[in-house]
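Visitor: Quick check, what structure comes out for this input:
(one chain, ligands or ions: 1)
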Amino acid sequence: MASLFNQVPSVSTVFALYTVKFIDLFSSYYQSSFTFVIEQKWEFCDNQTFRAAEVYLTSRLAGLSTGEVLVGSSDLKNPAAELNIGVPVNAKIADEFEGIHLEWTLHCLETKSFPYEKQYFHLTCKKQYREKIMTDYFPYFAKSAEKIIRHREDLCIYTYNRQQSTWQAAIFEHHTTFKTLAIEPQLKTTMIDDLDAFAKGKDFFKSVGRAWKRGYLLYGPPGTGKSSMVAAIANHMNYNIYDLQIQSISDDGELRKVLTGTKNRSILLIEDIDCGTDSSCRRQTKKEEDVELEKKKKKRDLGISLSGLLNFVDGLWSSCGEERIIIFTTNHKEKLDPALLRPGRMDLHILMDYCTPFVLKKLVAIYLKIDDHVLFDPLEKVVLEVSATPAEVAQQLMASKNADIEFLKKKKLKKEDTKVEEEGEIEDVDTTEA
Ligand SMILES: Nc1ncnc2c1ncn2[C@@H]1O[C@H](COP(=O)(O)OP(=O)(O)OP(=O)(O)O)[C@@H](O)[C@H]1O
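Guide: Okay, the predicted model is just below:
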């Protein structure tokens, strides 16, 4: 018969039993939670869910329960600029959605290759709420983030830093809007309607199986407002701009890395496309032709061609980019490769031209706040006879703060002189040939 002593478990047995129970309890508690992992990249592109989480949490940090926040500013011009706040790594951020408790944590993992660290969010909830969080909370915070981005005050312009292989942001301070851009009313209406239709076009683009993107080619002489038009588009859409110096990209691999580093709801701007790629097809002089051939040769060595770029951009946008605008600018449309001008390539070709009477009056109204003036009639006549760019007129208006037509008159005289000289040259050539 077993003694009483034998029936009483030893201290070590009791301890072992409780340890097992505790582990059971702990693991069942642990297993009752569920964690969503949201990484920075999704199929080589920026994961938009990660971006949404970042924006949502940052905007709510003040109201959410967390013991710490990141603070800082990237405003190089103003050390006293208002502080931005961010999500600190490893801090636990509690949120609540329809009575469900949620916990966010931003983790950071060092990697051996570029970009040397990988960030990802953990979003944890009780297992039983997994479906609810998937169907309701994810769309909720994504929509909140979208709203915040749409109403964000500061737009950024990004330039690519090759040394650090990153896009560097600066506050975009070009305040031109469609109100202050002097263009013909018809062009203004076309642009605004096109952009608005594009912004609302998500379902349309999906239904016709096309990438949600729009391409504009802005062409015209220097100073006719191409950059100002880009600013007006960015401000109208509230999109950031990625200003890509295509000349600085060495090969397709680098191009892929650069483009996949751009975010949705943005403008990819490639200025002076005739200079940057192997895109010119007509040369003016032998010397220019040699320079272009040399450039072309270099480009071939470097491995980027215009059609390559276009195919690449098309493919990339179709697979992982949404709500993107791509803008090419050029002073010489006639020099561009037909591949770029082919229908369907760029959705709209927009001519930014010399001042018309309407544009002139608009500039006077913008700069001098004058809507009517006795000088308007003579001014309108002169402007039709000379090729004055809006930039030239704006500069004069800024300088004189007066509706001064002297520079237009001088321009007219200069133009007449040049015409006489050119006619003289042609006559000379004709005589020689004869
Ligand atoms: N259509 C316009 N409406 C109002 N301002 C204009 C317009 N066009 C030019 N300007 C003024 O002229 C300046 C230069 O114009 P902008 O840089 O937009 O021309 P651009 O066509 O891009 O020139 P480039 O081809 O040399 O880059 C602008 O900052 C703006 O002040």
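Visitor: Is residue 396 within a helix or a strand, and which one?
Guide: Assigned by DSSP states H and E, residue 396 belongs to helix 390-400.
Visitor: buried sites along that helix?
Guide: Neighbour-count burial for helix 390-400, counted by 16 or more other CB atoms under 10 Å, picks out 390-394, 396-397. Quick note: C-beta positions are derived from backbone N, CA and C, even for glycine.
Visitor: Give me the mean pLDDT for it.
Guide: For helix 390-400, mean pLDDT rounds to 85.
Visitor: do that helix and the ligand meet at all?
Guide: Yes - using CB under 6 Å from any ligand atom, helix 390-400 reaches the ligand at 390-391, 394.
Visitor: Three-state assignment for residue 96, please.
Guide: Here residue 96 is strand, with the state taken from DSSP: H, G, I helix; E, B strand; the rest coil.
Visitor: distance of it from the ligand?
Guide: Distance, residue 96 to the ligand, by CB to the nearest ligand atom, to the nearest Å: 49 Å.
Visitor: again, but for residue 112
Guide: Distance of residue 112 to the ligand, computed by CB to the nearest ligand atom: 42 Å.
Visitor: Now do the helix or strand containing residue 71: everything it contacts.
Guide: Assigned by DSSP H and E, residue 71 belongs to strand 70-72. With contacts defined as CB atoms under 8 Å, 6 or more residues apart in numbering, strand 70-72 is touched by 83-88.
Visitor: And the strands in the stretch 1-150 of the chain, which stretches?
Guide: 33-39, 41-42, 45-46, 70-72, 84-86, 92-97, 100-110, 117-126 (DSSP state E, counting those that start in this stretch).
Visitor: Please apply the same query to the stretch 301-434 of the chain.
Guide: Assigned by DSSP E, counting those that start in this stretch, the strands in the stretch 301-434 of the chain fall at 324-330, 348-351.
Visitor: Just name the most buried of these.
Guide: Comparing the strands of the stretch 301-434 of the chain by mean neighbour count (mean count of other CB atoms under 10 Å), strand 324-330 comes out on top with a mean of 24.
Visitor: how close does residue 229 sit to the ligand?
Guide: 7 Å.
Visitor: next structured bit after whichever helix or strand that residue is part of?
Guide: Element membership for residue 229, per DSSP H and E: helix 226-237. Sequence order places strand 240-243 as the next helix or strand after helix 226-237, per DSSP H and E.
Visitor: Check the closest residue to the ligand within the chain and give its pLDDT.
Guide: The ligand sits closest to residue 225 of the chain, with a gap of 2.7 Å, by CB to the nearest ligand atom. Note for residue 225: predicted pLDDT of 95.
Visitor: and what of residue 433?
Guide: So residue 433 comes in at 33 (pLDDT).
Visitor: got it, and residue 103?
Guide: Predicted confidence (pLDDT) for residue 103: 94.
Visitor: so it bridges to which residues?
Guide: Beta bridges link residue 103 to residue 94, residue 124, judged by DSSP bridges.
Visitor: got the buried residues for stretch 352-371?
Guide: 352-356, 359-364, 367.
Visitor: ok, now stretch 144-151?
Guide: Neighbour count says stretch 144-151 has 145, 149 buried, by 16+ other CB under 10 Å.
Visitor: ok now that stretch, how far from the chain's centre?
Guide: With CA atoms, centre = their mean, to the nearest Å as the basis, stretch 144-151 stands 15 Å off its chain's centre.
Visitor: Next, the contact list for residue 229, please.
Guide: Contacts of residue 229 (CB under 8 Å, 6+ apart): 181, 183, 191, 218, 350, 352.
Visitor: now the angle from the helix holding residue 396 to helix 226-237?
Guide: 90 degrees (axes from the mean of the first three to the mean of the last three CA atoms, to 10 degrees).
Visitor: For helix 390-400, which helices and strands make contact with it?
Guide: Helix 390-400 sits against helix 357-368, helix 406-433, with contacts defined as 3 or more CB pairs under 8 Å, 6 or more residues apart in numbering; DSSP states H and E.
Visitor: For it, C-alpha coordinates in PDB please.
Guide: Extracted C-alpha coordinates of helix 390-400, given in PDB (Å, rounded to 0.1, in the frame of the first residue of the first chain):
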ATOM      1  CA  PRO A 390       5.300  84.200 -71.600                       C
ATOM      2  CA  ALA A 391       8.500  84.100 -69.600                       C
ATOM      3  CA  GLU A 392       9.800  87.200 -71.400                       C
ATOM      4  CA  VAL A 393       6.600  89.000 -70.800                       C
ATOM      5  CA  ALA A 394       6.400  87.900 -67.200                       C
ATOM      6  CA  GLN A 395      10.000  89.100 -66.600                       C
ATOM      7  CA  GLN A 396       9.200  92.600 -68.100                       C
ATOM      8  CA  LEU A 397       6.000  92.800 -66.000                       C
ATOM      9  CA  MET A 398       7.900  91.900 -62.900                       C
ATOM     10  CA  ALA A 399      10.600  94.500 -63.600                       C
ATOM     11  CA  SER A 400       8.500  97.400 -64.700                       C
END
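Visitor: how much does it deviate in direction from helix 357-368?
Guide: Using the same axes, to 10 degrees, helix 390-400 lies at 30 degrees relative to helix 357-368.
Visitor: thought residue 154 was touching residue 169?
Guide: No - using CB atoms under 8 Å, residue 154 makes no contact with residue 169, being 9.6 Å away.
Visitor: Among these two, which residue is more densely surrounded?
Guide: residue 169 (15 against 12; other CB atoms under 10 Å).
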